[in-house]
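A.B. asks: what follows is a protein structure lacking sequence information:
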């Protein structure tokens, strides 16, 4: 607020000095901060606090959303992986049964000299290796079946075990063969491993490995 000042004026008069005092209004002194500036500062502080609170809320919400999203992704991955594992398990189980049935069909076809069924199951590059090191091809087995040189009384396998690795399956079993071949009787048991491969035309019998006849066989 403006104030009042006393101002003295010295006037020389006959070797005397006369001081005339006069009251005058002092200029107003501006305060360091006006009310307007203070209000603006207060508003700025409030605005800054609001921004900080808003930012904190957004960060918390964002963190929650990210956590939930990550949880859903992880859950989705676990669910998908579990489904894939279940599907793979079911697929392996189905293949095991298929190979079991297919090999049983093949042994029955051998017993009956059914060359057509043997031809359907055997791969074109099939190879059989016996316990004595002799090898037979698909053509050799089909020729023998068509000629009927071997008459079987028994051609059955037991203790079958099937293992699957993707497009490859191996069945191991104990085979009992009994019959007459070229007029000579035989009766023996032996272990064998048959390998099947998945092809564009289905599963095919591609390789066989047989043991020597077991010692208790005649």
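C.D. replies: Looks like it came in fine. This is a predicted model, so every value here is computed, not measured. Residues are numbered from 1 along each chain as shown.
A.B. asks: ok, which stretches of the protein are helices?
C.D. replies: 35-111, 115-121, 138-147 (DSSP state H).
A.B. asks: those: lowest mean pLDDT?
C.D. replies: Lowest mean pLDDT within these: helix 35-111, at a mean of 72.
A.B. asks: quick check: closest non-adjacent residue to residue 109.
C.D. replies: With sequence-adjacent residues excluded and distances taken as Cβ to Cβ, 6 or more residues apart in numbering, residue 109 is closest to residue 117, at 3.8 Å. Every C-beta, even on glycine, is put in place using the N, C-alpha and C of the backbone.
A.B. asks: pull the number of nearby residues for the one you found.
C.D. replies: For residue 117, the count of nearby residues is 15 (other Cβ atoms under 10 Å).
A.B. asks: next up, the contacts around it.
C.D. replies: Residue 117 sits next to 105-106, 108-109 when contact means Cβ atoms under 8 Å, 6 or more residues apart in numbering.
A.B. asks: again, only this time at 10 Å
C.D. replies: Residues in contact with residue 117 (Cβ atoms under 10 Å, 6 or more residues apart in numbering) are 105-106, 108-110, 145.
A.B. asks: give me the buried subset of those residues.
C.D. replies: Among those, those classed as buried by 16 or more other Cβ atoms under 10 Å are 106, 109-110, 145.
A.B. asks: just the residues you listed now: which is nearest residue 203?
C.D. replies: Closest to residue 203 out of the buried ones among the contacts of residue 117 is residue 106 (11.0 Å), distances taken as Cβ to Cβ.
A.B. asks: please report the distance of the residue nearest to residue 142 when sequence neighbours are not counted from residue 183.
C.D. replies: In this structure, residue 142 finds its nearest non-sequential neighbour in residue 115, 5.1 Å apart by Cβ to Cβ, 6+ apart. Distance, residue 115 to residue 183, by Cβ to Cβ, to the nearest Å: 21 Å.
A.B. asks: who has more neighbours out of these two?
C.D. replies: A count of neighbours by other Cβ under 10 Å puts residue 115 above the other of residue 115 and residue 183, at 18 against 7.
A.B. asks: state the distance from the residue nearest to residue 142 to residue 145.
C.D. replies: From residue 115 across to residue 145, the span is 4 Å (Cβ to Cβ).
A.B. asks: equivalent analysis for residue 190, please.
C.D. replies: Distance check for residue 190 against residue 145: by Cβ to Cβ, it reads 19 Å.
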